[in-house]
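[1] Sequence unavailable; structure follows:
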């Protein structure tokens, strides 16, 4: 019974605490767009999305593609029959995976097309 009472009091206390404080690094006037994201328009009219994470606050232009789509220059693709092997360096070593040609996602397809175009260009030289 005491445990139930303690949990009940804690729940009421947390509910009465109100909304969480704005994390440091998020400008005043930013509007919560998601649980860990805020929208903000600066004085020049540029729109920004602020994301909070355990590592701090990041900012990127609104409408920008995700970072992994923008930066895949370090990913290599190697043809292996009906599969394509991919390699990408990480801080923990080389990350490798395989995907069937018919099941490539958008990023893998772009890397594979880039590799094919570079091979075709080098074959012409």
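    Looks like it arrived, so ask away. Please read all numbers here as calculations on a predicted model, not as lab measurements. Numbers count the residues shown, from 1 in each chain.
[2] what's the burial count for residue 37?
    By other Cβ atoms under 10 Å, 14 other residues sit near residue 37. Just so you know, the C-beta spots here come from the backbone N, C-alpha and C atoms, and that holds for glycine as well.
[3] Surely it is in contact with residue 53?
    No: the pair residue 37 / residue 53 is not scored as a contact, 10.3 Å apart, by Cβ atoms under 8 Å.
[4] Now residue 48. Its backbone dihedrals?
    Note on residue 48: backbone dihedrals following degrees, to the nearest 10 are phi -130, psi 150.
[5] I'd like to know how many residues surround it.
    If we define neighbours as other Cβ under 10 Å, then residue 48 has 16 of them.
[6] For the chain, which segments count as strands?
    Ranges of strands in the chain, per DSSP state E, are 31-34, 37-41, 47-53, 56-61, 76-80, 83-90, 93-100.
[7] Could you list the buried residues of the fifth one?
    Neighbour counts over strand 76-80 (16 or more other Cβ atoms under 10 Å) mark residue 77 as buried.
[8] Can you tell me what sits against that strand?
    Around strand 76-80, the neighbours that count as contacts under Cβ atoms under 8 Å, 6 or more residues apart in numbering are 84, 85, 86, 87, 88, 98, 108, 111, 112, 114, 115.
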